[in-house]
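> predicted structure and sequence below. I'll ask about it afterward.
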Amino acid sequence: MKLTELEPRWVGAGGPGIYNADGTPAAERHGVGLSFLCPCAECTAKRTGNHDEDFYLRVFVGFANPLDGGPAHDPRPGAQWQRAGDTFDTLTLTPSIQRMNGCRWHGFITNGEIR
């Protein structure tokens, strides 16, 4: 299955009206991660087509090397994946991805393909 079939979105952070824990404005970031609809059969069956309702059926993956060239948004060990490629069609992430809630889908994104 192609990643582009799962409504992928680059995830940003910060920007106007967003503040760091110390009260300073958080700089706007682009491409700190990726969000896409979970490809498993269980989650596919639950989709409604309503963005708000389908939010919980999405998988989020944070990048160790964001698209904007900045540092990882979440520095916790294991909270980010290495990214190769800068389009949904060329994206490869390592290591594998496993949802830790809901269906617990486990898979890979390699050259824009979900396996």
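Alright, I've got the coordinates.

> which stretches in the protein count as strands?
Listed in chain order, the strands of the chain (DSSP state E) span 9-13, 29-37, 58-62, 82-84, 92-98, 106-110, 113-114.

> kindly compare burial across those strands and name the winner.
strand 29-37 (a mean of 20; mean count of other CB atoms under 10 Å). Just so you know, the C-beta spots here come from the backbone N, C-alpha and C atoms, and that holds for glycine as well.

> list the contacts of the closest residue to residue 48 other than its chain neighbours.
Using CB to CB, 6 or more residues apart in numbering and skipping residues adjacent in sequence, the residue nearest residue 48 is residue 54, 6.0 Å away. For residue 54, the contacting residues are 37, 47-48, by CB atoms under 8 Å, 6 or more residues apart in numbering.

> ok now the top helix by length along the chain, how far from the chain's centre?
As assigned by DSSP state H, the longest helix anywhere in the chain is helix 41-46. Here helix 41-46 is found 19 Å from its chain centre; the criterion is CA atoms, centre = their mean, to the nearest Å.

> which outside residues touch that helix?
37-38, 57, 102-103, 105.

> how about CSV for those residues, with pLDDT and distance to residue 69 added?
Below are the contacts of helix 41-46 laid out as CSV (pLDDT from 0 to 100; distance: CB to CB, whole Å):
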residue, pLDDT, distance to residue 69
37, 95, 27
38, 94, 29
57, 89, 31
102, 81, 32
103, 90, 34
105, 94, 30
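
> now the buried members of those residues.
Buried subset of the contacts of helix 41-46 (neighbour count, 16 or more other CB atoms under 10 Å): 37-38, 57, 103, 105.

> who's in contact with the residue nearest the centre of the chain?
By CA atoms, centre = their mean, the chain has its centre lying nearest to residue 34, at 2.4 Å. Residue 34 sits next to 8-11, 60-61, 63, 91, 93 when contact means CB under 8 Å, 6+ apart.

> quick revisit: quick check: the gap between the residue nearest to residue 48 and residue 15.
As judged by CB to CB, to the nearest Å, residue 54 and residue 15 stand 24 Å apart.
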